[in-house]
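Asker: need the 3D shape of this:
(chains A and B)
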Amino acid sequence: MEDLPVIAEGVALLICETPSLLEEALVKVDLSDIPHHRINPKAILVPAEFAEALSELLRQQGVYPRIEE
Amino acid sequence: MSLEIAPIVKAAGPLKLAEIKILRAKFDHQTIKDWVSHWESNEISTAMASPEKVASILERIEEDERIILSEFAAVGGRADGEQIRKKLTLRGHNDVSRTMKNLANKGLILPLVVDENNISLSEMIHKSTFFHRDFAIAATVLTAVVSDERIGANIETRDDLEPQNSDDPKQTALNLALLYHGLKRKNLTLTKQDLPNRRSIQYLAEKLWVPEIGNLSLANDSELGDFSFLISILFGMELLEIENSEISAIEKGVEFLSSNFLEGYLTTEWWNENRRGGAIQNTTGALPAVRRYVLSVFTRIDTEQWISVDTLIRYCLAVDRAFVEHALDPLEMTMEKYIPKWVRAMHLIGGLEVSKEGTQKFIRKTPAHKMEIHKSFVPQPNGEVSVFFDPLNLDQFQGILPFAEVSDRQEKTIIFKLSAESMQLGFGSGLSDKDMVSYLTEHSLTPIPDTILFQINDAYRIHKQHTIYPCGKLIRCRDYDKLDMALGQLKHENPDAQIVHLSGDSVFVSGIDINGMTRLFAEPISICQNTPSPCFKFGSIALEATYDPFRANISSASIIESICVYDKKTRLAVFDPEKINTYFDGFDDLMTFLEPHSEGGVPAEQRVAFRNALTGGTSAQFRENISILWIEDEVLADALYELETLSKVLVRLGPFAFEVNEELRHIVVEELNRLNIEMENE
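Answerer: Numbering: from 1, shown residues only, chains lettered A, B, ... in the order given. Next up is the predicted model:
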């Protein structure tokens, strides 16, 4: 398998100030319906089409993320 | 003395004597002769400027002619002929060209000629461009038309009335602003009857304050009607859209409150004054035209004083009864029924004030000073901002609503609360802590308490803790140097690009086109979209594969992480059958997932290994004392297998082949013999 640089398109990112904030957020929201991949202790990736759903889930739990357009 | 025509054309308003004289000099002998004959006076200019003469001439004119003169009077005495003609035609009159020409022949409307001389009016009238010029009426004609008893002369006005307590035009502005911001946060669903769902809008309605009622409780159809009316105004202002019976707000700039509510009312097609209850339905027809008509009549009553609603009705009927009947008859309405609804609507949008004396209702235009601008916020240490309504600037609401919510609304005061949620919504709409503080500072009568400053700053700190980048690209490259170089190039070419470093080999970027990124690396790159892509390569070791997590899309990566143990150093993924069993519904389901994710597919020996692992081991054995019965004809084979005798002793292996135990072979032979089927080796 060749080691080529990879560019993945259509990705949304949730990044928190600290790992514990992400942990806390992940405990609060149920992400079972949203495909996600924790790429580092502070961040998860979701397909872009789930960004709004993720944002809504967080809002429902009182976490109002900053949306960087 | 030379006569200058230019001032006439430039000047506004009706014609005065001097101007009539200048115009008269422009027309030929025949035209003047016709006017002299009609006015029965050789001094035609003087006659046109004489109130007594004008009054006697107006006594003899037709109703249609009077309507046209009224239109000229309504626009100040001077107008484009074509505009007047179109306006009246649109209102349902037949073509008024002939009537306008008659008026010109009689010298009651005068074409404003500029650089022509010795003009023949009769020739001018026959030209197609006749109406494409300005016309004016004499000042005496305007005065006479306005004071004509048939169109509301001697209007009784009052100056000793007071508006109703809750009569404040700014209440409307706040209502619309609250509704708009409320609908930005949550859509409004309509019932099957197109009514707003009362339960879902209760929270919104309670914050609205309407004249004569106060806070809307939606207790009856009339209140629901007022609510729907306000919604329809927002439609008229093009701030809402509807899809599948769900109304949502269209994102607009913060300046929408400067928009004209009146225009929203006049143009909305979502309100029908004839409809009972609060149904929100698109409606077409003559109503927008009637609204404008009544407004034009109301505007023509050039008074700052109170007039009774009955006077307005009378006036509307007198000015253009034909239009009123033409427009309202199909709706089974009369002007007497329509005007009170118009008054209520105008009252709700702050266009007029209402007063009552006994059973009689009076109205007047909203005085301009009521819209003056002052600072009116008083921030309190408990996080509330009180607003005294009287000196309110409408735009102040527009600015505070994105980050504050109404906690209480009384007749003359309103209290906003800076809650955690409202501030977070404000930050979500793009405001910063500095924006909020500077906004409050600008509009407050008193300094902002430290507690509020702390609240805002703290909310902003919390807001910044979680950030979502809704759409971007993930660049992954194991060679850190190459990645650094590519990013350097990227920043150079796209200074506005957002770049988030996730690890040494992974970077998230947004705001860049993929085409610009493919040439960042000197070597070929792999583009991964959110569809399955080959990220496994199976070797000879069972249940193991080389895995490249960079090539797995997010959906796949989360599944792979659940069923494999991945060693980053060796890049080997070892599959765990137990986890596979919890995640996949058997072998076939697993293969459906693995095939598109494997370079070259899943090899046969790996499939065997997976099958074994998932079913807990499959055994094999040689069978002895078995004969194979082969039937060349598949149809015959099917028929034989349906025979009761044979179906008990045969085991079908395929379309042509059957297995039979040696001990039972004679039964098969006997049966085949009985059926005259020749056995080749028996």
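Asker: where in the stretch 1-150 of chain B is pLDDT low?
Answerer: Scanning the stretch 1-150 of chain B for pLDDT under 70 picks out B:1-11, B:90-94, B:148-150.
Asker: quick one: the strands in it?
Answerer: B:78-80, B:110-111, B:134-136 (DSSP state E, counting those that start in this stretch).
Asker: and these as TSV, adding mean neighbour count?
Answerer: Any C-beta I mention is one placed from the backbone N, CA and C, and that applies to glycine too. Formatted as TSV, the strands of the stretch 1-150 of chain B follow (neighbours: other Cβ atoms under 10 Å in any protein chain shown):
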stretch	mean neighbour count
strand B:78-80	18
strand B:110-111	23
strand B:134-136	22
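Asker: let me know which of those is the nearest to chain A.
Answerer: strand B:78-80 (47.5 Å; Cβ to the nearest Cβ).
Asker: residue contacts, the residue in the stretch 251-400 of chain B that chain A sits nearest to?
Answerer: Using Cβ to the nearest Cβ, the single residue of the stretch 251-400 of chain B nearest to chain A is B:Glu251, 12.3 Å away. Contacts for B:Glu251 (Cβ atoms under 8 Å, 6 or more residues apart in numbering or on different chains) come out as B:Lys184.
Asker: that one: what secondary structure?
Answerer: coil (DSSP: H, G, I helix; E, B strand; the rest coil).
Asker: which pLDDT value goes with it?
Answerer: With respect to pLDDT, B:Glu251 has a value of 74.
Asker: how near is it to B:Tyr180?
Answerer: In this view, B:Glu251 and B:Tyr180 are 11 Å apart by Cβ to Cβ, to the nearest Å.
Asker: how about B:Ser200?
Answerer: When B:Ser200 is compared with B:Tyr180 (using Cβ to Cβ), they lie 17 Å apart.
Asker: these two - which one has more neighbours?
Answerer: More crowded of B:Ser200 and B:Tyr180, by other Cβ atoms under 10 Å in any protein chain shown: B:Tyr180, with 22 against 13.
Asker: quick check: residues of the stretch 351-500 of chain B near chain A?
Answerer: Within the stretch 351-500 of chain B, the positions near chain A by Cβ under 8 Å from any Cβ of the partner chain are B:420-421, B:424-425, B:427-428, B:462-479, B:482-483, B:486, B:498, B:500.
Asker: what is the neighbour count of the residue of the stretch 51-200 of chain B found nearest chain A?
Answerer: Nearest to chain A in the stretch 51-200 of chain B, going by Cβ to the nearest Cβ, is B:Arg185, at a distance of 10.5 Å. B:Arg185 has 12 neighbours, counted by other Cβ under 10 Å.
Asker: same thing with the one 10 residues further on?
Answerer: Applying other Cβ under 10 Å, we find 17 residues neighbouring B:Leu195.
Asker: list the strands paired with the lowest-mean-pLDDT helix or strand in chain A, with their directions.
Answerer: Ranked by mean pLDDT, DSSP states H and E, the helix or strand of chain A with the weakest confidence is strand A:66-67, at a mean of 86. Using DSSP bridges, strand A:66-67 pairs in its sheet with strand B:466-476 (parallel).
Asker: what is the mean pLDDT for the partner strand?
Answerer: For strand B:466-476, mean pLDDT rounds to 92.
Asker: which residues touch stretch B:103-118?
Answerer: So stretch B:103-118 is contacted by B:5-6, B:8-9, B:15, B:20, B:23, B:26-28, B:34-35, B:38-39, B:44, B:48, B:57, B:61, B:65, B:68-69, B:72, B:78, B:81, B:100, B:119, B:121-122, B:124-125, B:130, B:133-138, B:141 (Cβ under 8 Å, 6+ apart).
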